[in-house]
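>>> sequence plus the predicted model coming up.
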Amino acid sequence: MSPAITTTESPSSNVLPSPAIRAQIDARLVALVEAMLAHPQMKAPNRHPTPYHLWDFAMRTEYTLSELDNIEAGRAVRHPGQIHGYRATGKPNPAKARECKQDVFTRSQTFELLITAPPARLAMMGLAAVDVGDEIKAKSKAVLEAFKPIESF
């Protein structure tokens, strides 16, 4: 179970963490995505499906984080099909922004669980076990560390 966390609010938002904290989380997610791309089993033509699906999971997490301001403001997002249940209305949507920011945190925790879990956990998701290596594990931990200044995410 995750620790209780409170939002460090940005001046323009009563829902989202400060832009500085989001930028730190984003930078660490980008570093994680880049490390996944560099994984030896991500190279074509024999790309292993497990690192690919983990990379995709991390990419979608980073994308959701990048759209939180637009979601909160009710503005259009770049890839609307990637934000489940979201429709740009032009009206503020703090409830959806809150849901999406929690999704970013939960997905970050899930990624960590998947790469540090016994092979059976990946198998339950239909993925073969793969050693992602120490660098990816460290970058995943760094993502979770970036959430620590926030008491409610």
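In hand now; what should we look at? These figures come from a predicted structure and were not determined experimentally.

>>> okay, CA-based contacts and neighbour counts for the rest of this
Will do.

>>> where along the protein do the strands fall?
In the chain, no strands are found when defined by DSSP state E.

>>> centre-most residue in it?
Nearest to the geometric centre of the chain sits residue 61, at 2.8 Å (Cα atoms, centre = their mean).

>>> so that residue touches residue 107, yeah?
Yes. Assessed by Cα atoms under 8 Å, residue 61 is found in contact with residue 107 at 6.5 Å.

>>> quick one: the closest residue to the residue nearest to the centre of the chain other than its chain neighbours and residue 122, what's the gap?
Excluding its sequence neighbours, the residue lying closest to residue 61 (Cα to Cα, 6 or more residues apart in numbering) is residue 104, at 5.5 Å. Per Cα to Cα, to the nearest Å, residue 104 is found 20 Å from residue 122.

>>> more neighbours: which of these two?
residue 104 (21 against 18; other Cα atoms under 10 Å).

>>> least confident secondary structure element in this protein?
helix 119-124 (a mean of 83; mean pLDDT, DSSP states H and E).

>>> got the contact list for that one?
Helix 119-124 is contacted from outside by 114, 128-129, using Cα atoms under 8 Å, 6 or more residues apart in numbering.

>>> repeat that for 10 Å
50, 113-116, 126-131 (Cα atoms under 10 Å, 6 or more residues apart in numbering).

>>> picking up where we left off before, overlap of the contact sets of residue 61 and residue 107?
residue 101.

>>> now do residue 104, the pLDDT please.
Looking at residue 104, its pLDDT is 96.
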